[in-house]
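K.L.:
Next input, structure requested:
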Amino acid sequence: MQPRSFIPVLLVAMALNPWPSLFARDRPLPDPTPFAHAPCSVLRGRPCTPSYCSVFNHGPCLPEIDYPYGENLQLTIQSVPAQDDAAKYRKPDHDLDTISDLFAALRSCWSPPPPDVGREGMEMSVRFSFKRSGEMIGPPRMTYAKAGASPDLRGLYLKAIDSSLDACLPLKFSPGLAGAIAGRPIAIRYVDNRQLAQSSGADRPQQK
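P.N.:
Predicted coordinates:
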């Protein structure tokens, strides 16, 4: 078949097979203003913005957009906060009503191991969730510990994390915040940035 004669055949085939246009009519158009909507949630029964591209998507798609707070609430807590961040480490004197209030309360709870057993530069991350009542759903689960930390050192810092959170709980949430964060995973990275004279004895090899 000559190239010139192929074009009319193609146009006739497209006219007789209108399913691509019907599919395009049914497909919702991308929303150029995703921030006008609520963030995506695992509880939603339909697609929401931000979306993601897929090989099964026959039309334009939007790249995933990082919202200030997604399904995971992530927070870094330092043993010695910077002077500019000191206000963020003060526990609010009212019921916690915002994510910032929650983060401030969690920061103020942290009490690292004593300097004589702590290790400078130690990092550990834990993950947990809250109930509406402000209590935790089960104990924090360690998800990361700095490479090279011995089991004794990891246990020391995990115990300090457990004790620090236990001393602050239950937190007092406003009804709005309690409904918003209940059951949502919270990931906290603890960083011991104190200038310690020596590393933890628990991090040294045991003498046989």
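
K.L.:
Every contact and neighbour count from this point should use C-alpha atoms.
P.N.:
Will do.

K.L.:
Could the C-alpha coordinates of stretch 116-127 be exported in PDB?
P.N.:
Taking only C-alpha atoms (Å, rounded to 0.1, in the frame of the first residue of the first chain), the coordinates of stretch 116-127 have been written out as PDB:
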ATOM      1  CA  ASP A 116      28.300   9.500  80.700                       C
ATOM      2  CA  VAL A 117      26.500   6.800  78.800                       C
ATOM      3  CA  GLY A 118      25.300   8.600  75.800                       C
ATOM      4  CA  ARG A 119      27.100   8.700  72.400                       C
ATOM      5  CA  GLU A 120      27.700  11.900  70.500                       C
ATOM      6  CA  GLY A 121      26.100  11.700  67.000                       C
ATOM      7  CA  MET A 122      23.800   8.800  67.900                       C
ATOM      8  CA  GLU A 123      20.600   8.800  65.800                       C
ATOM      9  CA  MET A 124      17.500   6.600  66.100                       C
ATOM     10  CA  SER A 125      14.100   6.700  64.500                       C
ATOM     11  CA  VAL A 126      10.900   5.300  65.900                       C
ATOM     12  CA  ARG A 127       7.300   5.000  64.600                       C
END
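
K.L.:
quick check: mean pLDDT across stretch 89-107?
P.N.:
Here stretch 89-107 scores 95 as its mean pLDDT.

K.L.:
Help me confirm that Phe103 comes into contact with Leu75.
P.N.:
Yes - here Phe103 reaches Leu75: they are 7.1 Å apart, a contact under Cα atoms under 8 Å.

K.L.:
Comparing these two, which shows the higher neighbour count?
P.N.:
For Phe103 versus Leu75, the count of surrounding residues by other Cα atoms under 10 Å is larger for Phe103: 23 against 15.

K.L.:
Just the element for that one, please.
P.N.:
Taking DSSP states H and E as the definition, Phe103 sits inside helix 99-109.
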